[in-house]
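> next come a sequence and a model predicted from it.
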Amino acid sequence: MKAGVISILVMFIREISMKKLASAFFICFLLLACSSDNSSGAKIEKNESSECTKPLLECLGDQDTLSPYDYEFAVNYLLLKYNYLYAAEEVGDAEEYYGLGSGMNTEFGNTYAMYQKMSSAYTYYIPPELVEYFYVNYLGSESMVGIGIQVSEALEITQVYADGPAEKGGILRGDTVKSIDDVPIVKRESLERLLKGDIGDKVTLGIARGDSTFEVSLTFSEIVLPTVFLDSVQGVPRIRITSFETETAGGLSTSKEFENALKQTEGAEASIIDLRGNGGGAGEECFAISEMFLGRGDTLLLIDEATYEESTDSQVIVREKYMADKNGIGKDRYYVFLADSGTASCAEIVLLAATSNMQSPIIGRNTYGKAIGLQMEQGEITYGISVIVASMIYGKDGETYHAKGFAPDYETDDEEEAFAKALEFIEVEQCREAGYGKENMQKFLKKEHNSKAIGDLGMYKIVNVDTIPWIKNKLKKK
C-alpha cells in the first residue's frame, strides 16, 4: 500500500483512566486521507470516466481514479479487514466480494453484500439511499405532549422534566397535586387521564407545598422525554434509566440526569436502580454512569480490541484495562438492580461495574448478554453507514458475559414481587451470588450463518428499498 494512503492510530496502553474510556472505546481506528462528506445521504454523481488500472485497493491514494461505488467498496473492505474482531477467520480477499450483488436497488450492492458475508448480526452496512431512513427511524429523539411531570401514587411530584412547562411554571419536586381545573384529585389514574391533551391546551393545577397551596396555569407543549426517572418504593429511592443518550430533556445527558438523581437523593443509604428494558445507547454515557459506582482504582472492565499494526500491515488484538481515576459520587450507597431480557449493551456495562466492584445483587430475569463494542463510520470516510464489531468486553476476572448475560439473584417477572424482594435485600444488604447466564451465541449470528438464530438483530437484514415509496422515488436508477 502506498505511503500516505492511510494513517493509523494504534492504542497499546494497557491501563486507561475512565476519562479516556469513552473516546477510546468508540475511536475511529482507520482514518483515510481521501475522505468524503455525504452523511445526509445526498445524491452521488458517478464519474463515468474514472478508471484505475492498478489493483483496486491501491487506487485509494487518489480518489479521482475510482467511482464512488468502487471507492466505497474499497474503504469498507479495509475497515472489515483491520477492525472486524473476527476478520482472521471470516474476511477473505477483496476479489471474493467485489462482484457480489445484494438484491437491493442500489449501486453500492457489493459493499452491502460483503457485510452480509460476515457472521455477526451487529456488523452491517447501510447504503447512502437509506441513511436518512436510518436516522429518522432508529436514532430519533423520543418526545411527547404534556406538561412534564412524574407523580407517585400519593400524587407527590417525584420528577419535573427539564425545560418543560411544569419547570418553567415553577413546580418543584416534592410538590403535591391537589386539583386540575378545580377538580379535586385523589387517584393517580385520574390525574394521568386529565393530563392528556394537544399542543396549546391549557390546564390549571392546584399545588400543595408545605403548609401553603397555590394554582399554576400551564400550557401543553411537545417535550423531549428524560431518560432517568426518579420515584420511591416505601421511602427507598428508585432510579429508572430507560436508555443512554448524549442529549435529553433540557439539553442534558443521561449521565447528568443520573448524577442529578443521586444528588436529589443524597443521604439515602440504599437505592433501587431499574434497568429493565434498557437496550443501551451512547457508550460515553454508560461509562460515565458506571464511574459513579466505583472507587478510585477500581477496575471497570477489560476490552479486546481489533486494530491495525503498521509494521506488519495486519490486524492485531490488543487487551486494554480500564480503571476509575476518582471516587464516584454514588460509591458509598447500597444498590439493588432490576433487570430483564431487554437489559443489554451499555446497561450491562453498568451492571458489570456494580456487580464486580460493589457485589450489588440483581432481581428480575437473565439479561441479554451483549458484550461487544461497535465501531461506526457515518459520512466521514464512507458514503453510507458501516457498523462493525471491533471489540469484546470482559469483567476484571477475565471472563466475558457475552451471549450469556447476567443471571438474577432472584428471578421474577412480577413488579410488586420484585420491589418487595428488593426491600428485603436492602434490609439485610444482600450481596451478589449469581454469576453469568448460559451461553447462546446463536442470537448474535446472522440467520444465513445459523438457521437457529433468534430474531432480526442489528440491521443486517434491511428492508428492500423498493418497499419504501419515498426512498424509491429518490433513488438514482441505472
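Happy to help now that I have it. Residues are numbered from 1 along each chain as shown.

> in the stretch 1-150 of the chain, where is pLDDT below threshold?
1-65, 134-143 (pLDDT under 70).

> what ranges do the strands span in it?
6-8, 15-17, 30-32, 124-126, 143-146, 149-151 (DSSP state E, counting those that start in this stretch).

> run through the residues that contact residue 402.
Residues in contact with residue 402 (C-beta atoms under 8 Å, 6 or more residues apart in numbering) are 369, 370, 371, 372, 392, 393, 444. To be clear about C-beta, it is placed using only N, CA and C from the backbone, and glycine gets the same treatment.

> can I get the lengthiest helix in the chain as PDB, trimmed to CA atoms?
With secondary structure taken from DSSP state H, the chain has its longest helix at helix 68-83. Extracted as PDB, the C-alpha positions of helix 68-83 are listed here (Å, rounded to 0.1, in the frame of the first residue of the first chain):
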ATOM      1  CA  PRO A  68     -17.800   6.500  -5.700                       C
ATOM      2  CA  TYR A  69     -19.100   2.900  -5.700                       C
ATOM      3  CA  ASP A  70     -15.600   1.300  -6.100                       C
ATOM      4  CA  TYR A  71     -14.200   3.800  -3.500                       C
ATOM      5  CA  GLU A  72     -16.900   2.800  -1.000                       C
ATOM      6  CA  PHE A  73     -16.300  -0.900  -1.500                       C
ATOM      7  CA  ALA A  74     -12.500  -0.500  -1.100                       C
ATOM      8  CA  VAL A  75     -12.800   1.600   2.100                       C
ATOM      9  CA  ASN A  76     -15.200  -0.800   3.700                       C
ATOM     10  CA  TYR A  77     -13.100  -3.800   2.800                       C
ATOM     11  CA  LEU A  78     -10.200  -2.200   4.700                       C
ATOM     12  CA  LEU A  79     -12.500  -1.400   7.600                       C
ATOM     13  CA  LEU A  80     -13.500  -5.000   7.900                       C
ATOM     14  CA  LYS A  81     -10.000  -6.400   7.300                       C
ATOM     15  CA  TYR A  82      -8.400  -4.400  10.100                       C
ATOM     16  CA  ASN A  83     -11.200  -3.600  12.600                       C
END
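
> same for that helix, what does it pack against?
Helix 68-83 is packed against strand 30-32, helix 95-98, helix 109-116, strand 299-309, strand 314-323, strand 372-378, strand 385-394, with contacts defined by 3 or more C-beta pairs under 8 Å, 6 or more residues apart in numbering; DSSP states H and E.

> what lines up beside the last one in the sheet?
Read it as strand 385-394. Under the criterion DSSP bridges, strand 385-394 sits next to strand 124-126 (antiparallel), strand 299-309 (antiparallel), strand 372-378 (antiparallel) in its sheet.

> now the angle from the second one to strand 314-323?
Orientation check (axes from the mean of the first three to the mean of the last three C-alpha atoms, to 10 degrees): strand 299-309 against strand 314-323 gives 160 degrees.

> so the spatially most central residue of the chain bridges to which residues?
Nearest residue to the geometric centre of the chain (C-alpha atoms, centre = their mean): residue 281, 1.3 Å. In this entry, residue 281 is beta-bridged to residue 244, by DSSP bridges.

> is it in contact with residue 350, as I believe?
No - using C-beta atoms under 8 Å, residue 281 is not in contact with residue 350; the gap is 11.2 Å.

> hmm, back to that, I'd like the helices and strands packed on helix 68-83 as TSV, with distance to residue 413 and mean neighbour count appended.
Below are those laid out as TSV (distance: least, C-beta to C-beta, whole Å; neighbours: other C-beta atoms under 10 Å):
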stretch	distance to residue 413	mean neighbour count
strand 30-32	44	18
helix 95-98	44	14
helix 109-116	36	22
strand 299-309	29	20
strand 314-323	33	16
strand 372-378	27	19
strand 385-394	27	22
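
> adding distance to residue 410, write the ones you listed out as TSV.
Output for these, formatted as TSV (distance: least, C-beta to C-beta, whole Å):
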stretch	distance to residue 410
strand 30-32	45
helix 95-98	49
helix 109-116	41
strand 299-309	25
strand 314-323	30
strand 372-378	28
strand 385-394	25
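
> out of these, flag the one nearest residue 204.
Among the helices and strands packed on helix 68-83, the nearest to residue 204 by C-beta to C-beta is strand 372-378 (46.1 Å).

> just give me how far the closest one sits from the chain centre.
Mean-position distance between strand 372-378 and its chain equals 11 Å (C-alpha atoms, centre = their mean, to the nearest Å).

> pLDDT of it, averaged?
The average pLDDT for strand 372-378 rounds to 87.

> contacts for that strand, please.
Here strand 372-378 makes contact (C-beta under 8 Å, 6+ apart) with 25-26, 28-29, 39, 79, 83, 85, 120, 122, 131, 283, 303, 305, 385-393, 402, 444.

> does anything pack onto the strand or helix carrying residue 426? Which helices or strands?
Using DSSP states H and E, the element containing residue 426 is helix 415-428. Counting contacts by 3+ C-beta pairs under 8 Å, 6+ apart, helix 415-428 packs against strand 228-233, strand 236-241, strand 270-274, strand 334-339, strand 362-364, strand 410-411.

> many thanks, we can stop here.
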